[in-house]
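Chemist: Following is a predicted model, sequence given first.
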Amino acid sequence: MKENYTIRPMKTEDYDKVFEMWQITTKRALSSADERESIARYLARNPGMSQIALDGDRVIGTVLAGHDGRRGFIHHMAVHPDYRRHHIGRALASTALKRIAADGIKKTHIFCYRDNSLGQNFWKSLGFEQRDDIIEFSFNHKE
Ligand SMILES: CC(C)(COP(=O)(O)OP(=O)(O)OC[C@H]1O[C@@H](n2cnc3c(N)ncnc32)[C@H](O)[C@@H]1OP(=O)(O)O)[C@@H](O)C(=O)NCCC(=O)NCCS
């Protein structure tokens, strides 16, 4: 079945199945920003950009994609372990990148854990260039 998957834009109604897969693929990266209401808001702000891959009605891959009007950003690029190395991740990322580029955005960024060599190899294979000139800073907004 690995060749018979389909890709379509993610909808809020997909949340339960997507979140279930993220428990396996993406647990370390999950935060309150991934609660149902937050994801619904994200999808509404970036219509048609985030994608899921399906085998029948089983969610086997995800990519969250959007832009801020200036740069594109991709999060939660993931393929279920049973379906890896069949270029499903590449197809998801390519679809998301096309949607971002269609809005006139010239560059897209991803965050990747320093010890995630699998993720780094994947992004490099898609033509992403590793940046060594930037340090990321984050600020936690208080309630
Ligand atoms: C990264 C991930 C999404 C890749 O999904 P995938 O569908 O298996 O990837 P693809 O089959 O499209 O691979 C595309 C290319 O990426 C590279 N790649 C993918 N997996 C790799 C691996 N295990 N080792 C080395 N290179 C790899 C290869 O160049 C591959 O092309 P090739 O198979 O023709 O050599 C998947 O492994 C995953 O979900 N990992 C856990 C979550 C994660 O780390 N996401 C990235 C966060 S930054």
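Modeler: Thanks, I have it.
Chemist: So, low pLDDT: which residues of the protein?
Modeler: Low-confidence segments of the chain (pLDDT under 70): 1.
Chemist: how about the strands in it?
Modeler: Using DSSP state E, the strands of the chain run over 6-9, 51-55, 58-67, 72-79, 108-110.
Chemist: of all those strands, which lies closest to the ligand?
Modeler: Among those, the nearest to the ligand by CB to the nearest ligand atom is strand 72-79 (3.9 Å). No exception for glycine: its C-beta is placed from N, CA and C like everyone else's.
Chemist: Given that closest one, what are its sheet partners and their directions?
Modeler: When pairs are called by DSSP bridges, strand 72-79 turns out to pair with strand 58-67 (antiparallel), strand 108-110 (parallel).
Chemist: Just the buried positions in the first one, please.
Modeler: Judged by neighbour count (16 or more other CB atoms under 10 Å), strand 58-67 contains these buried residues: 59, 60, 61, 62, 63, 64, 65, 66, 67.
Chemist: quick one: is that strand near the ligand?
Modeler: No. Under the criterion of CB under 6 Å from any ligand atom, the ligand is not reached by strand 58-67; the shortest gap measures 6.7 Å.
Chemist: what's the most distant pair in the buried residues of strand 58-67?
Modeler: Across those, the longest distance by CB to CB is 25.4 Å; it joins 60 and 67.
Chemist: how about the strands paired with strand 72-79 in CSV, adding distance to residue 13?
Modeler: Listed next are the strands paired with strand 72-79 as CSV, based on distance: least, CB to CB, whole Å:
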stretch, distance to residue 13
strand 58-67, 11
strand 108-110, 26
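Chemist: Which residues in stretch 12-24 does the neighbour count mark as buried?
Modeler: Across stretch 12-24, burial judged by 16+ other CB under 10 Å covers 14, 15, 17, 18, 19, 21, 22.
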